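Participant: missing the sequence, but the structure's below:
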């Protein structure tokens, strides 16, 4: 579904990504793990058009989206949930859901999304700043879904959340997998990553240094953690 080939990007004169190659298939979770500052968030931002790539290709369902405007990429079915949620704090839940819609969703309608997030259904008129951290994260995911995503990119979706809410986010990710959404996940919580992912990509210094199936990762988790995740 999502395919990235030879992706290179950075900030100003500083290069961050060096030839990233990855794919996120339909109905699967592909996780990117690694130390802070290795380029995980930059990979997502470049794929969704927030950072311009200096070279490489980004395609969804065979459609070349390399360096296209963000709105073109979103219309092609790519949703991005950034680190820190970044919902509109003064808008209501309902307004947050509707503000990004270019047209009425056909697949992920408001009704269907609210079924997935029943907490939000009870708080439609509440402002974003009045929600708990977990509810804000659910709203951020819901807001991405109503653009009728085929590919969903999640950047640290459980950061700062209570264990019970982390479990709820995990349940949502599994449900989306069953619905056929391709998910690219950046996540530091290895327990969650190991419970929802199908493939693990290890990143270091702007490169993918290992590609593991979830079985290989669980078998070799201690070595991966020691080699690539500890400071």
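Facilitator: Looks like it arrived, so ask away. Source: prediction; values computed, not measured.

Participant: for this protein, which segments count as helices?
Facilitator: Under the criterion DSSP state H, the chain carries helices at the ranges 40-47, 70-75, 93-99, 110-116, 118-121, 133-145, 163-178, 190-196, 214-219, 221-224.

Participant: nearest to residue 6, out of those?
Facilitator: Using Cβ to Cβ as the criterion, the shortest distance between residue 6 and these is 11.9 Å, found for helix 40-47. Any C-beta I mention is one placed from the backbone N, CA and C, and that applies to glycine too.

Participant: helices and strands around the closest one, which ones?
Facilitator: Other helices and strands packing on helix 40-47, by 3 or more Cβ pairs under 8 Å, 6 or more residues apart in numbering; DSSP states H and E, are strand 2-11, strand 14-24, strand 29-33, strand 53-60, strand 78-81, strand 151-155, strand 182-186.

Participant: sorry, back to before: CSV for the helices of the chain, including mean pLDDT?
Facilitator: As requested, the helices of the chain are arranged in CSV below (pLDDT from 0 to 100):
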stretch, mean pLDDT
helix 40-47, 97
helix 70-75, 92
helix 93-99, 92
helix 110-116, 91
helix 118-121, 91
helix 133-145, 94
helix 163-178, 95
helix 190-196, 95
helix 214-219, 95
helix 221-224, 93
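
Participant: in CSV, list the ones you listed along with distance to residue 61 and mean neighbour count.
Facilitator: Below are the helices of the chain laid out as CSV (distance: least, Cβ to Cβ, whole Å; neighbours: other Cβ atoms under 10 Å):
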stretch, distance to residue 61, mean neighbour count
helix 40-47, 14, 23
helix 70-75, 12, 16
helix 93-99, 25, 18
helix 110-116, 21, 16
helix 118-121, 29, 15
helix 133-145, 17, 22
helix 163-178, 17, 16
helix 190-196, 23, 17
helix 214-219, 24, 14
helix 221-224, 31, 13
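
Participant: with distance to residue 82 added, can I get those in JSON lines?
Facilitator: Below are the helices of the chain laid out as JSON lines (distance: least, Cβ to Cβ, whole Å):
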{"stretch": "helix 40-47", "distance to residue 82": "8"}
{"stretch": "helix 70-75", "distance to residue 82": "12"}
{"stretch": "helix 93-99", "distance to residue 82": "14"}
{"stretch": "helix 110-116", "distance to residue 82": "18"}
{"stretch": "helix 118-121", "distance to residue 82": "18"}
{"stretch": "helix 133-145", "distance to residue 82": "8"}
{"stretch": "helix 163-178", "distance to residue 82": "15"}
{"stretch": "helix 190-196", "distance to residue 82": "18"}
{"stretch": "helix 214-219", "distance to residue 82": "25"}
{"stretch": "helix 221-224", "distance to residue 82": "26"}
